[in-house]
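Enquirer: Sequence and predicted structure are below.
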Amino acid sequence: MKEAVPRITMKRRFALALCALLLVPTVLASDGGENKDLDIEGTLISAINTPSVSSDGEEFDITVTLNQENNVTAVSWTWQVCLNSGVCLAPVPENMTSSDGGTSWTTSMTPVDDHSYVNYKITLNYEDGNSTTYPENTWGGKVWSDCWVAGDTHGGDACDTDGGFLGLPGFTLLASMAIIGLVAIVIRRR
C-alpha cells in the first residue's frame, strides 16, 4: 500500500510566500539608527537641513536651500513615517514655503507616536511646468527617531528598555502572523 504524499498546491505556495514576506521588514532593517542624507550632487539644491533625530509628537522641520541661479517656482517634499512595528504609513506629499523669494524653502510635520524613522524625498517644480524628484524612484533621506526598532536591534536616547527588549512586540506580531499562516497550511493539508 502506497502512502499518500501531500501536494503543494498553488494556494499553499501563495500562503508560504506571504508568510515569508511578512518577515522581510525584520531582515531589511540592517542599517538601524544610521541617518541617510539625500544625495544633492549635481542638483539645484545646495543644502537640506533636518533634525539629526526625530521625536514622537515633536515638530520635524526641514529646510531646502537652492542655488542662487535657479528657475524653480515651487518645492515640495514627500515624507513617510515608519513605525517600530515594522509598518510604514502612506507617503504624504506636501508643499514647502519660501520667505525669501525662492532660495530657501521650509515646512514641518509631526511624527506619530512609536515611530522608528522618517523617509523623505524632494521635488522641484520649474517655470516651464516640468518637475524633478530627488531621488526619482526611492527614498533619498532618512532620519531615525530617538527610540527606534529595526528588526532585532533597537536604540535611541529616549528608549525605555527596563521592560525588556523593545523590539519584541513588532517582531512578535510578524512572527505570529507567519506561524498562523503555516498552521493554516498544515490544518488545510489534513
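Expert: Cool, the structure landed. Numbering: from 1, shown residues only.

Enquirer: Poorly predicted segments of the protein, please.
Expert: 1-8, 10-30, 161-179, 181-190 (pLDDT under 70).

Enquirer: now the helices for this structure?
Expert: All helices of the chain, identified by DSSP state H, fall at 10-22, 24-28, 168-189.

Enquirer: can you count the residues close to residue 142?
Expert: 20 (other CB atoms under 10 Å). All C-beta atoms are positioned from the backbone trio N, CA, C, and that covers glycine.

Enquirer: Also residue 38?
Expert: Using other CB under 10 Å: residue 38 sits among 19 other residues.

Enquirer: List the contacts of the nearest residue to it once chain neighbours are set aside.
Expert: Nearest residue to residue 38 in three dimensions, chain neighbours excluded: residue 140, at 3.5 Å (CB to CB, 6 or more residues apart in numbering). With contact set as CB atoms under 8 Å, 6 or more residues apart in numbering, residue 140 has these partners: 36, 38-39, 120-122, 134.

Enquirer: Ok, residue 37 next?
Expert: Residues near residue 37 by CB under 8 Å, 6+ apart: 48, 141.

Enquirer: same thing with residue 83?
Expert: Residue 83 makes contact with 89, 112, 114-116, 170, according to CB under 8 Å, 6+ apart.

Enquirer: what about the strands in this structure?
Expert: In the chain, the segments counted as strands under DSSP state E are 45-49, 60-66, 72-83, 92-95, 97-98, 104-109, 115-126, 131-134, 141-144, 148-150, 153-155.

Enquirer: and of those strands, who's closest to residue 9?
Expert: strand 72-83 (34.4 Å; CB to CB).

Enquirer: re the thing from before, just name the most buried of the strands of the chain.
Expert: Mean neighbour count, computed with mean count of other CB atoms under 10 Å, is highest for strand 148-150 among those, reaching a mean of 26.

Enquirer: quick one: strands adjacent to that one?
Expert: Strand partners for strand 148-150, identified by DSSP bridges, are recorded as strand 153-155 (antiparallel).

Enquirer: check contacts around the residue lying closest to residue 36 once chain neighbours are set aside.
Expert: Of all residues not flanking residue 36 in the chain, residue 142 sits nearest, at 4.2 Å (CB to CB, 6+ apart). Neighbouring residues of residue 142 by CB under 8 Å, 6+ apart: 35-36, 117-120.

Enquirer: Likewise for residue 119?
Expert: Residue 119 neighbours (CB under 8 Å, 6+ apart): 79-82, 88, 91, 139, 141-142.

Enquirer: Next, format those residues as CSV and append distance to residue 31.
Expert: As requested, the contacts of residue 119 are exported to CSV (distance: CB to CB, whole Å):
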residue, distance to residue 31
79, 18
80, 16
81, 17
82, 13
88, 15
91, 20
139, 12
141, 13
142, 8
